[in-house]
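Participant: Using only what follows, build the 3D model:
(chains A and B)
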Amino acid sequence: MQDLARHSQNIRRKIIETAGTRFSAHFGGSLSSVDVLSALFGKIMNISAEKATDPNRDRFILSKGHCALGLYAALNEFGFISDEDLSTFDKDAGSFPTHCVQSCEKGIEISSGSLGLGLSMAVGIALALKAKKSSAKVYVLCGNGEANEGIFWEAVMFAGVSELNNLILILDNNKMQNDGFSKEVMDIKNWDERLKAFGWNICNVDGHNLEALINQLKTPSAKEPLAIIASTVKGKGVTFMENNPEWHHNKLSPEQYEKALSEVSKTGE
Amino acid sequence: MLVDNSFIQNLSLLGSRGTFGLALKDIEPRREDLRVVVADVKTSAKLVDFEKQAPSKLINVGIAEQNMIGIAAGLAHEGYTVFTSTFAPFASMRCFEMLRTQLGYMNLNVKIAGLLSGVTGGLFGNTHYGLEDIAILRTIPNMTVLSPADCLETYKAVLAASEIKGPVYIRLTGDRGTPALYKEDFEYEIGKANILAQGNDVAIIGTGTILSEAMRALRGLKKYDISATVVDMHTIKPLDTTTLDQLFATHKLIVTLEEHTVVGGLGSAVAEYKATKINVPPQMILGIQDSFPKAASTAFILNQNGLSAPRIAERIVQKYQELF
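Facilitator: Numbering: from 1, shown residues only, chains lettered A, B, ... in the order given. Prediction:
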C-alpha cells in the first residue's frame, strides 16, 4: 500500500507541476480522482505501457474527461507517457489538451470531455469483450456531476439488464460540479438505491482509502455490473482547494503554486 | 449476388427499409465482425429475419438512441463493423453529439441508417420527418453521407458502407413500391455520381428517391425544348466535384433537387463548391421550404413544395425562360 500511496503523492505533485502557474486547470476533479487512478493503474488493472494495445488488456475509460490532467499525470507515473509528453500539456496543437484525445498506445482509450458519454461507450466495449470471450474487464471513471446526463442513465439501464459483470463503474463522488456543491445544483443522495434498482451491484468506499479501494475493486461481481461509489474530496491534497468551488477550474498564483506543491509533497497523511 | 429483373422488382416491393434489412442479412454469414444495434426499430428496419439468422449479432438498446451510438462506438473500438438504425430525425438530431464526438472525432467504424427520411413519414408529421439530416451530418469530419435513389442503390450502398472504414450515414427515403431508377445492374462507387439521363441545357442534380420525380419531369421540359441531364448524387459527402466541374462547363442552368430543407443540404453543398468558381451557371435549389409543413401524405407535401414532377418541370421552364 505504501507504494500506491507514493504513486498517489507523485501524481498529485505532477498535476500541480504540469499546470504550474501558466494554465487554468481542472485541479479539483483531477485531485479527487488520484487515488482511484493509483489503485487501478498501480494494482488492479492488467495493463502496462508495453501492452497498451494488447487485446487482452483491461480497458480504462475516463468518462469525466475534465480530469484529463489527472490521467496524464497518472499515465506518466506508470510509464505510458514520457516527461516530454507531459510537458506538452495544453500546448497549441499538442496531443494532451484540457480534455483527452484518444491515443490507445498511450493509454488513452477514448476522446472525452463531453460529459456523460463514457459509460455508454464502456458498455459497448464490455459487450465486445464478452462476445470475444475475453476475460478483460472495463473500468470506467465517472464524476457525480456528469451523472446528471440522460445518456448516463440509458447506459446504466442497458448494463444492468444485460448483466455485464465485466463492467466496473467507479463514481468519483466528490459531491461538487461546475456550479458548486451538487446538493445545490442537482441533489442526488441515494446513489445506492438508484443504481441497485437498475440491476447493479453496489459498494460504497472512501475514495482516498487505497486499501479499501483495492479490496472493493478486487471483489468480482457474480453477474451484475459493479458500481463503486467512491466518496472523495474535490481538490484532495491541497487544503485551499479542498471542497472549494473556486478550484473546479482555476489558475495558480506563484504563491499558491508554492503552497500547493509543498502540501502535495509532504509524506504521509 | 445476381442482379436481375426479379431481384430489382423484389427490392422495390420491399422498399428502402426492407432492402436495408435484407442487405444486412445477406452479408451477415461472411462477416463475423458485423454487429447491428437498434433503438427499438428491429421491426421497422426489417431486421427480424436478420435476428432469426444471427441472434447474437443484433443488439436492441430500447428507445435510447444516444446510448445506441455510444454502445456502437464501444463495439467499433474493439474492431467490430457496426450498423445502427432508427428513424432519421432521431438518428441525426437526438444523437448528433454522439455522431460527432464519438463516431467522427474518433473515426469509428459505425454506420447509421436513418429510416423514413425526408417526408416519407407522411401523416406522422414533423416529429418523424428527416428534413435536416443531410445538413447536420455533412458538418462532421470523417463522416460519409449517402442518400440512395432507389432500392437497388440502397442495397449497394449498404454493402459499400460495410466495406469502408469509418462512419457512414445512409439516408433512406421512399417506402414500399419505390420506383426502380436502375433497371439493371450498375457500378456503384461511393463518391462517384451516376448520370441517369443525358441532356444539354439543364443539369438536375438530385439525391434520394425524389430523383424519380426528376426523371418524370423530363417530358415536361422537352415540350419546351429544354434538354436536361439528370444526375444521381448518391454521395453527398465526399462530394463528387469532378462530375460537378463537368456539369458546370457543359450546362446553362444547375438545378439541385432534394427531399430535404433548402437550408444546408445538397443544394448548399453544391453552391458552396460552385461559389469558388468563375463563369459557372446559376443554380436553383429545389427542396422543402424553410418551414414546418402541415402533416400530409408524402405526395401532397412534395407537390405543395414544388417537388412533384409537373411542378419541377414548371419551375425549371419558368426560370430557364427568365434567364435565357
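
Participant: Where does the prediction get shaky in the stretch 151-269 of chain A?
Facilitator: A:267-269 (pLDDT under 70).

Participant: Contact distance from chain B - what residues of it qualify?
Facilitator: A:151, A:154-155, A:157-158 (C-beta under 8 Å from any C-beta of the partner chain). No exception for glycine: its C-beta is placed from N, CA and C like everyone else's.

Participant: mind running it again at 10 Å?
Facilitator: A:151-159, A:161-162 (C-beta under 10 Å from any C-beta of the partner chain).

Participant: how does chain B divide into domains?
Facilitator: Chain B breaks down into these domains under automatic domain parsing: B:7-171, B:194-323.

Participant: Okay, now the shortest one: how far is its last residue from its first?
Facilitator: When you say that, I think you mean domain B:194-323. From its first residue to its last, domain B:194-323 covers 27 Å (C-alpha to C-alpha, to the nearest Å).

Participant: Equivalent analysis for stretch B:189-201, please.
Facilitator: Termini of stretch B:189-201 sit 26 Å apart (C-alpha to C-alpha).

Participant: Might you name the residue of chain B sitting closest to chain A?
Facilitator: Taking C-beta to the nearest C-beta, chain A has its nearest neighbour within chain B at B:Gly74, 1.9 Å off.

Participant: count of neighbours near residue 53?
Facilitator: Chain wasn't specified; assuming chain A. Residues contacting A:Thr53 under the criterion other C-beta atoms under 10 Å in any protein chain shown number 11.

Participant: not quite, I wanted chain B
Facilitator: Should you count by other C-beta under 10 Å, B:Gln53 turns out to have 15 residues around it.

Participant: That one touches B:Arg31, doesn't it?
Facilitator: No: counting by C-beta atoms under 10 Å, B:Gln53 stays clear of B:Arg31, with 12.0 Å between them.

Participant: and for those two, which residues touch both?
Facilitator: Residues touching both B:Gln53 and B:Arg31 by C-beta atoms under 10 Å, 6 or more residues apart in numbering or on different chains: B:Leu24.

Participant: Which residue, other than its chain neighbours, is closest to the residue of the stretch 101-250 of chain A found nearest chain B?
Facilitator: Going by C-beta to the nearest C-beta, chain B is nearest to A:Gly124 of the stretch 101-250 of chain A, at 1.9 Å. Nearest non-adjacent residue to A:Gly124, counting by C-beta to C-beta, 6 or more residues apart in numbering or on different chains: B:Gly74, 1.9 Å away.

Participant: After whichever helix or strand that neighbour is part of, heading C-terminal, what element do we hit next?
Facilitator: Assigned by DSSP states H and E, B:Gly74 falls within helix B:65-77. Downstream of helix B:65-77, the next assigned helix or strand under DSSP H and E is strand B:81-87.

Participant: which residues touch A:Asn174?
Facilitator: Contacts of A:Asn174 (C-beta under 10 Å, 6+ apart): A:28-29, A:31-33, A:64, A:143-145, A:182, A:207, A:230-236, A:242-243, A:248.

Participant: Apply 7 Å and report the result again.
Facilitator: Going by C-beta atoms under 7 Å, 6 or more residues apart in numbering or on different chains, A:Asn174 touches A:29, A:32, A:144, A:232-234.

Participant: ditto for B:Arg315
Facilitator: B:286, B:306.

Participant: B:Asp245 and B:Ser268, how far apart?
Facilitator: Per C-beta to C-beta, to the nearest Å, B:Asp245 is found 18 Å from B:Ser268.

Participant: Look at those two and report which has more neighbours.
Facilitator: Neighbour count, other C-beta under 10 Å: between B:Asp245 and B:Ser268, B:Ser268 has more, with 21 against 14.

Participant: Count the neighbours of the closest residue to that one other than its chain neighbours for me.
Facilitator: Of all residues beyond its chain neighbours, the one nearest B:Ser268 is B:Ala135 (7.1 Å), with distances taken as C-beta to C-beta, 6+ apart. Close neighbours of B:Ala135, defined as other C-beta under 10 Å, add up to 19.

Participant: Same check on A:Asp187?
Facilitator: The burial count for A:Asp187: 9, using other C-beta under 10 Å.

Participant: longest helix anywhere in the chain?
Facilitator: All of this refers to chain A. helix A:2-19 (DSSP state H).

Participant: my question was about chain B
Facilitator: Chain B, longest helix under DSSP H: helix B:5-27.

Participant: so what does it touch, helix or strand wise?
Facilitator: The contact analysis (3 or more C-beta pairs under 7 Å, 6 or more residues apart in numbering or on different chains; DSSP states H and E) places helix B:5-27 against helix B:48-53, helix B:151-163.

Participant: now what about the last one, what contacts it?
Facilitator: For helix B:151-163, contacts defined as C-beta under 7 Å, 6+ apart pick out B:3, B:8, B:11-12, B:14-16, B:19-20, B:23-24, B:27, B:31, B:81, B:111, B:146, B:148, B:168, B:170, B:172, B:178, B:180, B:182, B:188, B:190, B:234.

Participant: Which of those are buried, as a ChimeraX select command?
Facilitator: In ChimeraX syntax, the buried subset of the contacts of helix B:151-163 is picked out as below (16 or more other C-beta atoms under 10 Å in any protein chain shown):
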select /B:8,11,12,14,15,16,19,20,23,24,27,81,111,146,148,168,170,172,178,180,182,188,190,234
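
Participant: Buried residues of the longest helix of chain A, list them for me.
Facilitator: A:4-5, A:7-19.

Participant: And for stretch B:25-38?
Facilitator: Buried, per 16+ other C-beta under 10 Å, within stretch B:25-38: B:25, B:27-28, B:34-38.

Participant: Turn these into JSON lines, including pLDDT.
Facilitator: Converted to JSON lines, the buried residues of stretch B:25-38 look like this (pLDDT from 0 to 100):
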{"residue": "B:Lys25", "pLDDT": "98"}
{"residue": "B:Ile27", "pLDDT": "98"}
{"residue": "B:Glu28", "pLDDT": "98"}
{"residue": "B:Leu34", "pLDDT": "98"}
{"residue": "B:Arg35", "pLDDT": "98"}
{"residue": "B:Val36", "pLDDT": "98"}
{"residue": "B:Val37", "pLDDT": "98"}
{"residue": "B:Val38", "pLDDT": "98"}
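
Participant: Could you identify the buried members of the residues of the stretch 151-269 of chain A next to chain B?
Facilitator: Buried members of these, scored by 16+ other C-beta under 10 Å, are A:151-159, A:162.

Participant: what's the helix or strand that contains the residue of the stretch 101-250 of chain A closest to chain B in contact with?
Facilitator: Assigned by DSSP H and E, A:Gly124 belongs to helix A:118-131. Under the contact criterion C-beta under 7 Å, 6+ apart, helix A:118-131 has outside partners A:59, A:61-63, A:110, A:112, A:136, A:138, A:140, A:142, A:151-152, A:154-156, A:158-159, A:164, A:166-167, A:169, B:59, B:67, B:70-75, B:77-78, B:80, B:102.

Participant: The chain: helices as residue ranges?
Facilitator: Went with chain A since none was named. Using DSSP H, helices in chain A cover A:2-19, A:27-39, A:68-77, A:83-87, A:118-131, A:150-161, A:182-185, A:191-197, A:210-218, A:254-265.

Participant: could you do chain B instead?
Facilitator: Under DSSP H, chain B gives helices at B:5-27, B:48-53, B:65-77, B:88-89, B:96-98, B:133-137, B:151-163, B:211-222, B:241-250, B:266-274, B:298-304, B:309-323.

Participant: Highest mean neighbour count across these, which stretch is it?
Facilitator: Comparing the helices of chain B on average neighbours per residue, with mean count of other C-beta atoms under 10 Å in any protein chain shown, the densest one is helix B:65-77 at a mean of 30.

Participant: most packed of the helices of chain A?
Facilitator: It is helix A:27-39: most buried of the helices of chain A by mean count of other C-beta under 10 Å, with a mean of 29.

Participant: How many residues are close by B:Ser308?
Facilitator: Neighbour tally, B:Ser308, other C-beta under 10 Å: 19.

Participant: Next, the contact list for it, please.
Facilitator: B:213, B:302.

Participant: thinking again about what came up before, from the contact counts, what lies against the longest helix of chain A?
Facilitator: helix A:27-39, helix A:68-77, helix A:254-265.
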